[in-house]
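Student: from the sequence below, what's the structure:
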Amino acid sequence: MRVERYAEEWQGNIKDNVFAGILIALSALPGAIAYSFIVGMNPSIGLLSMGIMMIVLSLTAGRTLMITGPSSGIALVAAPLVASHGPMYLIAASMVMGILQILFGIFKVDWLIDRIPIAVVIGFMNALALLLMSSQLPSIFGISTATYIFAVLSFLIIWLVPRWIKFIPAPLISIVILTIIAHLIHPHLKYVHDLADIHVVIPKLQWEVLPLFSNTHALLVILGYGVTMATVGTLQSLLTAKALDVLTNVSSNENQESMAQGLANFASGLFGGFGGSALVGQSKFNVKIGATARFSTLVTAFFLLLTIYVLGPVISLIPMVVLATVLISIAFNTFDRRTWMAIKKAPVQNTATILITMIVTLTTNNLAFGVVSGSIIYFIVKFFKKGWGKDDRHQSS
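Tutor: Numbering: from 1, shown residues only. Model prediction:
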């Protein structure tokens, strides 16, 4: 039965799934590039990472049609590691992240994720949005007047175009139009090529990381970041899976998905990439544009890898301010719309939980610490307020 169902998941209209796969790859390009800059890695590595992850997930995912790649949560967690210890530590941490996620799936840790209170998830998402937004402000302010003009134009395109064009992502339209304009009039802007050399990256086994695992200090650093990345990545991915369950009326196999995400992240690190998690925007878009089979995500993977070889010179011309506006628009959409509803439902308990989760996350720059702290506060307040009863576990957004 499982074999038959798996075979069915590969079936579907080839033309529709190829089109969806290419469109998703194009829509994911800005994020993969921008998150690479946040991490401190070359954008080519970000594209390579997503390509590798999508190949693995097209074959193994428990939630078909879900798109995974470099993400805001993982990028913000990983950035300090690269800044203080360098790329090899991130590669090693991504492999540890993958191993832990595989173990999460084997030991069915998803039940623990399901018991995270909704107020903690809201605080997590809001803090993530603020961190993502603040990370992009230096690409907009203090550079030039032209930068402000391009920022305004990009925001207008991103916010207004979806009213008339729905099958092409507005951020992609913004990048194409404003990159062409910038190339024609040469305004004073910062471009991708000012910060990184987009070059061909050939996947190869990263044997160089092995000595890090034999060094006690290095191992402790890698394990610490690996645990945090695995926690944040699993939370983001399972929340995205639940959102797709609502859209498709098909339940996810959460344990299989956790193991698949782990395999994808381990493979990415093994071949020189870095970890990621499910992307809710691209995943929902993939369903809405008509993707029906695993084949669509495999097309996405190969198209992303192809861009490294073909579109490198074009990517280098993208203004950084446009990428910043794309991520800021993602940050706005990341803010949890259930915030006021949750506060109204339980003013003291949920308000305290949301605020503590956000404050701890923002002050430590650690999303996992925020989730743990918020959960502790939630249950302490709950205990003193009305004792242990039916808890308010998170539901799909």
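
Student: drop to CA atoms for contacts and neighbour counts, all remaining ones
Tutor: Will do.

Student: per-residue pLDDT, residue 16?
Tutor: Here, the pLDDT recorded for residue 16 equals 82.

Student: burial of it, as a residue count?
Tutor: Here the number of neighbours of residue 16 (other Cα atoms under 10 Å) works out to 15.

Student: ok, residue 204 next?
Tutor: 10.

Student: over to residue 194?
Tutor: Tallying neighbours of residue 194 according to other Cα under 10 Å, which is how burial is gauged here, yields 12.

Student: which element is it on?
Tutor: Mapping residue 194 onto the secondary structure by DSSP states H and E places it in helix 192-195.

Student: after that helix, next one along is what?
Tutor: helix 210-213.

Student: check which helices and strands that following helix sits against.
Tutor: Using 3 or more Cα pairs under 8 Å, 6 or more residues apart in numbering; DSSP states H and E, the elements in contact with helix 210-213 are helix 216-248.

Student: pull out the buried positions in the helix holding residue 194.
Tutor: 192, 193 (16 or more other Cα atoms under 10 Å).

Student: not counting that helix itself, show me its contacts.
Tutor: Among residues not part of helix 192-195, those counted as contacts by Cα atoms under 8 Å, 6 or more residues apart in numbering are 315, 316, 317, 318, 319, 320.

Student: so which residue is dead centre in the protein?
Tutor: residue 71 (2.0 Å; Cα atoms, centre = their mean).

Student: so what's that one up against?
Tutor: Contacts for residue 71 (Cα under 8 Å, 6+ apart) come out as 31, 32, 35, 276, 277, 278, 279.

Student: among those, which ones are in helices?
Tutor: In helices, defined here by DSSP state H, the members of the contacts of residue 71 are 31, 32, 35.

Student: filter the residues you listed down to the buried ones, PyMOL style.
Tutor: What follows is the PyMOL syntax for the buried subset of the ones in helices among the contacts of residue 71, where burial is set by 16+ other Cα under 10 Å:
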select buried, resi 31+32+35
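
Student: closest to residue 203 among the ones in helices among the contacts of residue 71?
Tutor: Ranked by distance to residue 203 (Cα to Cα), those are led by residue 32 at 16.8 Å.

Student: report the separation between residue 281 and residue 169.
Tutor: If you measure residue 281 against residue 169 using Cα to Cα, to the nearest Å, the figure is 10 Å.

Student: what does residue 364 give?
Tutor: Relative to residue 169, residue 364 is positioned 34 Å away (criterion: Cα to Cα).

Student: one more: residue 232?
Tutor: Distance from residue 232 to residue 169, counting by Cα to Cα: 26 Å.

Student: more neighbours: which of those two?
Tutor: Using other Cα under 10 Å as the criterion, residue 232 and residue 169 rank with residue 232 on top: 23 against 19.

Student: would you confirm that that one contacts residue 369?
Tutor: No. Checked against Cα atoms under 8 Å, the pair residue 232 and residue 369 is beyond contact range at 10.0 Å.

Student: need the helices for the stretch 1-150 of the chain, in chain order.
Tutor: Listed from the start of the chain, the stretch 1-150 of the chain has helices (DSSP state H, counting those that start in this stretch) covering 2-8, 14-39, 43-60, 72-85, 87-106, 110-114, 118-136, 145-160.

Student: and those: which comes nearest residue 377?
Tutor: Using Cα to Cα, the nearest of the helices of the stretch 1-150 of the chain to residue 377 is helix 118-136, at 9.4 Å.

Student: which helices and strands does that closest one pack with?
Tutor: Counting by 3+ Cα pairs under 8 Å, 6+ apart, helix 118-136 packs on helix 72-85, helix 320-334, helix 339-345, helix 347-364, helix 367-386.

Student: can you give me how far the shortest one is from the chain middle?
Tutor: The offset between the C-alpha centroid of helix 339-345 and the centroid of the whole chain comes to 26 Å, using Cα atoms, centre = their mean, to the nearest Å.

Student: closest to residue 226 among the ones in helices among the contacts of residue 71?
Tutor: residue 35 (17.9 Å).

Student: show me the contacts for the closest one.
Tutor: Under the criterion of Cα under 8 Å, 6+ apart, the contact list for residue 35 reads 46, 70, 71, 72, 75.

Student: what's the most distant pair in those?
Tutor: Checked with Cα to Cα, the contacts of residue 35 reach their widest spread between 46 and 72, with 12.4 Å between them.

Student: which stretches of the chain have low pLDDT?
Tutor: Counting by pLDDT under 70, the chain shows low-confidence ranges at 1, 9, 386-397.

Student: how far away is the nearest residue to residue 198 once chain neighbours are set aside from residue 151?
Tutor: Closest residue in space to residue 198, ignoring its immediate chain neighbours: residue 312 at 5.5 Å, by Cα to Cα, 6 or more residues apart in numbering. Here residue 312 is placed at a distance of 23 Å from residue 151 (Cα to Cα).

Student: ok, the two, which is more surrounded?
Tutor: For residue 312 and residue 151, the more surrounded residue by other Cα under 10 Å is residue 151, and the numbers stand at 24 against 18.

Student: that one contacts residue 325, doesn't it?
Tutor: Yes. At 6.4 Å, residue 151 counts as touching residue 325 under the criterion of Cα under 8 Å.

Student: give the buried residues for stretch 215-234.
Tutor: Taking 16+ other Cα under 10 Å as the neighbour-count basis, stretch 215-234 is seen to contain the buried residues 218-219, 222-223, 225-234.

Student: run a quick neighbour tally on the closest residue to residue 19 other than its chain neighbours.
Tutor: Nearest-residue entry for residue 19: residue 296, 8.0 Å, with adjacent residues in sequence omitted and distances by Cα to Cα, 6+ apart. By the measure other Cα under 10 Å, the count of residues near residue 296 is 30.

Student: which strand or helix spans residue 296?
Tutor: With elements taken from DSSP H and E, the one containing residue 296 is helix 294-310.

Student: how does this structure divide into domains?
Tutor: 2-333, 337-386 (automatic domain parsing).

Student: which of these is buried the deepest?
Tutor: Between the domains of the chain, the one whose residues have the most neighbours on average, counting mean count of other Cα atoms under 10 Å, is domain 2-333 (a mean of 21).
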